[in-house]
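J.: All I have is the shape, not the residue letters:
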């Protein structure tokens, strides 16, 4: 294993599912034994064989699901009916300990969309990778700008050692998944208080929306649960400038047990941590995007610049919010 990786290696970690638009042959080979999860002829996810086998259980098919060669659909004429059917399916799997990933059940619903931003159904957060459906989150980088005498510095948290997913890895200053009914702005405000103890009024005044990332992740061992589950994601991205502590700037502090510590790292230290793959994969992508937007990573100093940028701003074949 190399001691240092290229930035493109980090992108390969987080955007690891072949793109049907740019790599149709690789996509066809990868999905040869997968089933499309559809709603009214629109693809809303992909189902791998071990999940399809579970769906074929006679206690789950019939009224709840329609299964045909290469295609699966969730029955129900309304959002509520479809929500009930997938809830019953995943609940039974959880009770039977069918999938390890369901041990992380949070009683937190995510929205899966039909075309025109219409909710198709709502489902348990930890179950979404079983169906390869698109999920959403919001991440924020909190930083102290460079001065004539000091480099730019970023507040970087270390994830709690006891977390089920990516324990001990580095993260973005603030990050969280977007549950049902929560938009990206409210998600960031909420998570900033819960994860970093930032005052709500300060975040509302100083945080700035700067875009989004999109990528298609194939889960590996550090993600927790079964390896190979599919996780396409869109992350709304925010920046927040703060002053140094000596000048009265806020200092992030752990609050909810999700983070062990916050470290103030300069850009060179962050680069080293990235190249050592010490960041959680999607958080590394957020940092790369930050570097691009702030002129740290450019076409002139990075040979893979164009591929890095396009891979973390991927166009999806799914309906979106």
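T.: Done, it's in. Keep in mind that what you see is a predicted model, and the values were worked out from it rather than measured.

J.: contacting residues around residue 14?
T.: Listed by C-beta atoms under 8 Å, 6 or more residues apart in numbering, the contact set of residue 14 reads 215, 217, 281-282, 284-285, 312. All C-beta atoms are positioned from the backbone trio N, CA, C, and that covers glycine.

J.: Could you rerun that using 6 Å?
T.: By C-beta atoms under 6 Å, 6 or more residues apart in numbering, the contact list for residue 14 reads 215, 217, 281-282, 285.

J.: Just want the phi and psi numbers for it.
T.: Per-residue torsions, residue 14: phi -100, psi -30 (degrees, to the nearest 10).

J.: can you start the count at 56 instead of 1 from here on
T.: Let's use 56 as the start, then, which means that last one is residue 69.

J.: do you know how far the closest residue to it other than its chain neighbours is from residue 273?
T.: In space, and not counting its chain neighbours, residue 69 is closest to residue 336: 4.2 Å by C-beta to C-beta, 6 or more residues apart in numbering. Remark: distance between residue 336 and residue 273 (C-beta to C-beta, to the nearest Å) = 10 Å.

J.: Same check on residue 112?
T.: Taking C-beta to C-beta, one finds residue 112 at 25 Å from residue 273.

J.: Can you say which helix or strand has the spatially most central residue of the chain in it?
T.: The structure's the chain has its C-alpha centroid closest to residue 288; by C-alpha atoms, centre = their mean the separation is 4.9 Å. Using DSSP states H and E, residue 288 sits within strand 285-296.

J.: partners of that strand in the sheet?
T.: Sheet partners assigned to strand 285-296 using DSSP bridges are listed as strand 190-199 (parallel), strand 263-273 (antiparallel).

J.: just those strands: most buried one?
T.: With neighbours taken as mean count of other C-beta atoms under 10 Å, the strands paired with strand 285-296 reach their highest mean count in strand 190-199, at a mean of 25.

J.: List of residues touching that one?
T.: Residues outside strand 190-199 that contact it (C-beta under 6 Å, 6+ apart) are 165, 183, 208-210, 227-230, 232-233, 239, 242-243, 288-295, 297, 299, 341, 345.

J.: Derive a ChimeraX selection command for the buried subset of those residues.
T.: Buried members of these, defined by 16 or more other C-beta atoms under 10 Å, are picked up in ChimeraX with:
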select :165,183,208,209,210,227,228,229,230,232,233,239,242,243,288,289,290,291,292,293,294,295,297,341,345
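
J.: Tell me how many other residues surround residue 329.
T.: 22 (other C-beta atoms under 10 Å).

J.: Name all residues that make contact with it.
T.: residue 339.

J.: Can you give the distance from the strand or helix carrying it to the centre of its chain?
T.: Assessed by DSSP H and E, residue 329 sits inside helix 322-330. Distance, stretch centre to chain centre, for helix 322-330: 21 Å (C-alpha atoms, centre = their mean, to the nearest Å).

J.: follow-up on the earlier one: could you measure from the residue lying closest to the residue nearest to the centre of the chain once chain neighbours are set aside over to residue 335?
T.: Spatial nearest neighbour of residue 288, chain neighbours left out: residue 190 (5.4 Å); criterion: C-beta to C-beta, 6+ apart. Separation of residue 190 from residue 335 (C-beta to C-beta): 15 Å.

J.: Residue 225 now?
T.: 7 Å.

J.: repeat for residue 362
T.: Note on residue 362: its distance to residue 335, by C-beta to C-beta, is 21 Å.

J.: Those two: which has the busier surroundings?
T.: Ranked by neighbour count (other C-beta under 10 Å), residue 362 and residue 335 place residue 335 first, with 23 against 15.

J.: contacting residues for the more buried one?
T.: 221, 224, 226.

J.: Could you identify the buried members of the residues you listed?
T.: Buried subset of the contacts of residue 335 (neighbour count, 16+ other C-beta under 10 Å): 221, 224, 226.

J.: out of those, which one sits closest to residue 327?
T.: residue 224 (14.7 Å; C-beta to C-beta).

J.: Can you tell me the closest non-neighbouring residue to the closest one?
T.: residue 335 (4.6 Å).

J.: same thing with residue 121?
T.: residue 128 (4.8 Å).

J.: Give the buried residues for the helix or strand that the one you found is a member of.
T.: Taking DSSP H and E as the definition, residue 128 sits inside strand 126-129. Using 16+ other C-beta under 10 Å as the test for burial, strand 126-129 gives 127-129.
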